[in-house]
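Visitor: Following is a predicted model, sequence given first.
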Amino acid sequence: MSATSTNGLRTNGLRPLVAGNWKMNGSRRALRELGMMSEGYDAGLRAAVDLLVCPPATLMQAASVIALGSRVAVGAQDCHAEEAGAFTGDISAAMLADLGATAVIVGHSERRAGHRETNAQVRAKCEAAWRAGLMAVVCIGETERERDAGKTLGVIGRQLSGSVPDGAGAANTVIAYEPVWAIGTGRTPSNEQIVEVHGAIRKALARRFKAEGRGMRILYGGSVKPSNADEILKLPEVNGALVGGASLKAVDFLGIAAAYR
Ligand code: PGA
């Protein structure tokens, strides 16, 4: 049985999800694009795919007001593992939920690299997200060096077991496979490479979480754009996309989601 809620995200795991990560981009002006995304998320698209947009935290409240009613979900890009306290500059999952976020990305490679986040920290953030009632989008992915050394599946397996807490369920957890070398570079893995990794992730999830693991969505991320979305999104065990650059413009983001029409 599927768990459902009004934001359209907590549905049966395998309904596709296209999620946008604006990263550190966007002033209030950029919210126009979110308005256009909301308008473009018509009945046809709503029937086919969930949409999630993750603006910077500064825009969260305004974004959730704009998206209200359109069923585009709004999420955050990171959260602190604690609920409150002496953590200058940090934002808790509960605070994000308070502003209208329904999801949060954790463990993005830019946080793992730029803020030295470990699997254990990502796991704690994921648990914090759940406690706040947010869906967690847990990112994993190998570097180019690891791929070249033939270590991809080992790296992915360790990140998956280390970053995803026990108790993960289809309703509250999404996995995003994002090869670090494909992020913002315009390069994408071959179809075979994507299928191999997504298949390995699915197997590991099913082994560990049984039916819940079979229902968890696995997104592909890294240089997804309207021109390659059709091809990537139809691959087996690819249940959607996590989109960076192409999520900043409504026409591109909706163009990617249109692969599910
Ligand atoms: P990109 O970023 O689509 O700009 O490659 C993807 C991501 O970092 O999630």
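Guide: Looks like it came in fine.

Visitor: C-alpha from now on. contacts and neighbour counts both.
Guide: Noted.

Visitor: At which residues are the helices of the stretch 1-150 of the chain located?
Guide: For the stretch 1-150 of the chain, the helices defined by DSSP state H, counting those that start in this stretch cover 31-40, 43-48, 60-67, 93-98, 109-114, 119-131, 144-148.

Visitor: how many other residues sit next to the closest residue to Trp181 other than its chain neighbours?
Guide: Take Trp181 and drop its neighbours on the chain: the residue closest to it by CA to CA, 6 or more residues apart in numbering is Glu144, 5.3 Å away. Look at Glu144: counted by other CA atoms under 10 Å, it has 15 neighbours.

Visitor: One more: Gly69?
Guide: Gly69 has 12 nearby residues by other CA under 10 Å.

Visitor: Give me the buried positions along stretch 100-115.
Guide: Going by neighbour count (16 or more other CA atoms under 10 Å), the buried part of stretch 100-115 is Gly100, Ala101, Thr102, Ala103, Val104, Ile105, Val106, Gly107, His108, Ser109, Arg112.

Visitor: Quick one: name the residues of the stretch 51-200 of the chain near the ligand.
Guide: By CA under 6 Å from any ligand atom, the residues of the stretch 51-200 of the chain that approach the ligand are Ile183, Gly184.

Visitor: Do you have the strands of the stretch 51-200 of the chain handy? List them.
Guide: Assigned by DSSP state E, counting those that start in this stretch, the stretch 51-200 of the chain shows strands spanning 73-76, 103-106, 135-140, 173-177.

Visitor: Just checking: what are the partner strands of the second one?
Guide: In this case it means strand 103-106. According to DSSP bridges, strand 103-106 forms sheet pairs with strand 73-76 (parallel), strand 135-140 (parallel).

Visitor: looking at the ones you listed, which is buried most?
Guide: strand 73-76 (a mean of 29; mean count of other CA atoms under 10 Å).

Visitor: can you give me the offset of that strand from its chain's centre?
Guide: Distance of strand 73-76 from its chain centroid, counting by CA atoms, centre = their mean, to the nearest Å, is 10 Å.

Visitor: Over to stretch 199-207?
Guide: 18 Å.

Visitor: In TSV, list the strands paired with strand 103-106 along with mean pLDDT.
Guide: Putting the strands paired with strand 103-106 into TSV (pLDDT from 0 to 100) gives the following:
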stretch	mean pLDDT
strand 73-76	98
strand 135-140	98
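
Visitor: Just put those in a markdown table and tack on distance to Glu231.
Guide: Shown next, in a markdown table, are the strands paired with strand 103-106 (distance: least, CA to CA, whole Å):
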| stretch | distance to Glu231 |
| --- | --- |
| strand 73-76 | 25 |
| strand 135-140 | 21 |
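
Visitor: Look up how far Gly141 lies from the most far-flung residue of the chain relative to its centre.
Guide: Distance from the centre of the chain peaks at Ala86, with 28.0 Å (CA atoms, centre = their mean). Taking CA to CA, to the nearest Å as the criterion, Ala86 is separated from Gly141 by 31 Å.

Visitor: How about Lys234?
Guide: Using CA to CA, Lys234 is found at 20 Å from Gly141.

Visitor: Could you do Asp42 as well?
Guide: Note on Asp42: its distance to Gly141, by CA to CA, is 32 Å.

Visitor: ok, those two, which is more surrounded?
Guide: Gly141 (28 against 12).

Visitor: What residues sit buried inside stretch 242-249?
Guide: Leu242, Val243, Gly244, Gly245, Ala246, Ser247, Leu248, Lys249.
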